[in-house]
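*Asks:* This is a predicted model, with the sequence first.
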Amino acid sequence: MHRRDVVNGKTSVRRKKDPPKPEALPVEGWPRPYLRDGVAGLPIERQREMLAELGLGLAADRAYIDEMGRARIAKKGALPRRDEAVNPRHPGEVVYVAGLRVLGWDHLDVLRAMSAAFDAGARIYCADTRSVYSGEMPAHEIARALARAEEARRSARTKRATEGSLSRRAKRVQDGLAVAREMWTGPASARNIAAIVGLSTRTLYARLGPRSEAKEVKAKGKKHA
């Protein structure tokens with residue numbers, strides 16, 4: 001496209017700059033990166049890393065991002081930026097996501113988003129599996145992809161639950177040992193101390209050592225005080 005300007009009575013022709021072209025990407029076609037909060041095991045920061053590694057530009061004017069707080073995530077409401085991303089203006093565009101489950105809250109929601117993209121002539125690229133999905137794909141392959149996405153979601157949920165349980169266990173042990181340490185040189189029996197702090201006697205002896213040694217250390221400390 002050209003633009004004519006008049007300078008000192010002379011007409012000059014200036015070529016209008018074309019929009020920047022995307023760098024080499026895994027799939028040919030104009031990219032439409034999509035990210036969102038609330039994806040189990042795939043925080044938005046990690047999504048950014050995965051898409052950036054592909055060479056995608058993730059500036060605000062080039063990416064579609066649904067940023068949400070905890071309340072909105074809990075409600076699993078609308079994803080307006082997702083709906084924009086999967087409805088491109090021109091056929092041949094590519095929706096980039098870190099994982100297929102980024103496209104929706106559940107299987108049905110993901111499938112609706114995929115259908116919208118395919119109806120618009122777009123394809124979908126998933127960074128985690130390096131897979132491309134399009135309307136020409138057989139239904140069983142899409143179903144298999146959804147099953148893998150569900151497995152990833154469940155695995156992430158199990159991992160979070162396990163990590164949370166271990167974290168709570170570690171805190172309980174730490175708090176219990178702090179109380180038991182104060183009682184370890186006192187008259188209460190190891191069994192009674194264990195019952196009070198909610199830990200086993202084995203754990204107490206393993207972490208605090210023999211009571212006789214603890215009492216000697218305490219006695220020496222008093223002598224030198």
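*Replies:* Yep, that arrived.
*Asks:* Going by C-alpha atoms from here, please, whenever you check contacts or count neighbours.
*Replies:* OK.
*Asks:* Quickly list the domain ranges of the chain.
*Replies:* Domain assignment for the chain by automatic domain parsing gives 31-149, 159-219.
*Asks:* which of the ones you listed sits most buried?
*Replies:* The densest packing among the domains of the chain, expressed as mean neighbour count by mean count of other CA atoms under 10 Å, is seen in domain 31-149 with a mean of 17.
*Asks:* where's that domain relative to the chain centroid, distance-wise?
*Replies:* The chain centroid and the centroid of domain 31-149 are separated by 13 Å under CA atoms, centre = their mean, to the nearest Å.
*Asks:* coming back round to it: so which of the domains of the chain is nearest residue 25?
*Replies:* Distances from residue 25 to each of the domains of the chain were compared using CA to CA; the minimum, 6.4 Å, belongs to domain 31-149.
*Asks:* can you give me the helices for the protein?
*Replies:* For the chain, the helices identified by DSSP state H occupy 44-52, 70-75, 80-85, 107-119, 139-183, 190-197, 201-208, 211-224, in order along the chain.
*Asks:* would JSON lines of the ones you listed with mean pLDDT and distance to residue 128 be doable?
*Replies:* Putting the helices of the chain into JSON lines (pLDDT from 0 to 100; distance: least, CA to CA, whole Å) gives the following:
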{"stretch": "helix 44-52", "mean pLDDT": "93", "distance to residue 128": "8"}
{"stretch": "helix 70-75", "mean pLDDT": "92", "distance to residue 128": "22"}
{"stretch": "helix 80-85", "mean pLDDT": "96", "distance to residue 128": "18"}
{"stretch": "helix 107-119", "mean pLDDT": "92", "distance to residue 128": "16"}
{"stretch": "helix 139-183", "mean pLDDT": "75", "distance to residue 128": "10"}
{"stretch": "helix 190-197", "mean pLDDT": "86", "distance to residue 128": "45"}
{"stretch": "helix 201-208", "mean pLDDT": "87", "distance to residue 128": "42"}
{"stretch": "helix 211-224", "mean pLDDT": "74", "distance to residue 128": "53"}
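*Asks:* so which of those gets nearest residue 129?
*Replies:* Nearest to residue 129, of all the helices of the chain, is helix 139-183, at 9.4 Å by CA to CA.
*Asks:* Let me know which of the helices of the chain is the nearest to residue 96.
*Replies:* Short answer: helix 44-52, nearest of those by CA to CA, at 7.5 Å.
*Asks:* circling back to that earlier point, okay if I get the helices of the chain as TSV plus distance to residue 59?
*Replies:* Shown next, in TSV, are those (distance: least, CA to CA, whole Å):
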stretch	distance to residue 59
helix 44-52	11
helix 70-75	23
helix 80-85	14
helix 107-119	22
helix 139-183	27
helix 190-197	52
helix 201-208	51
helix 211-224	60
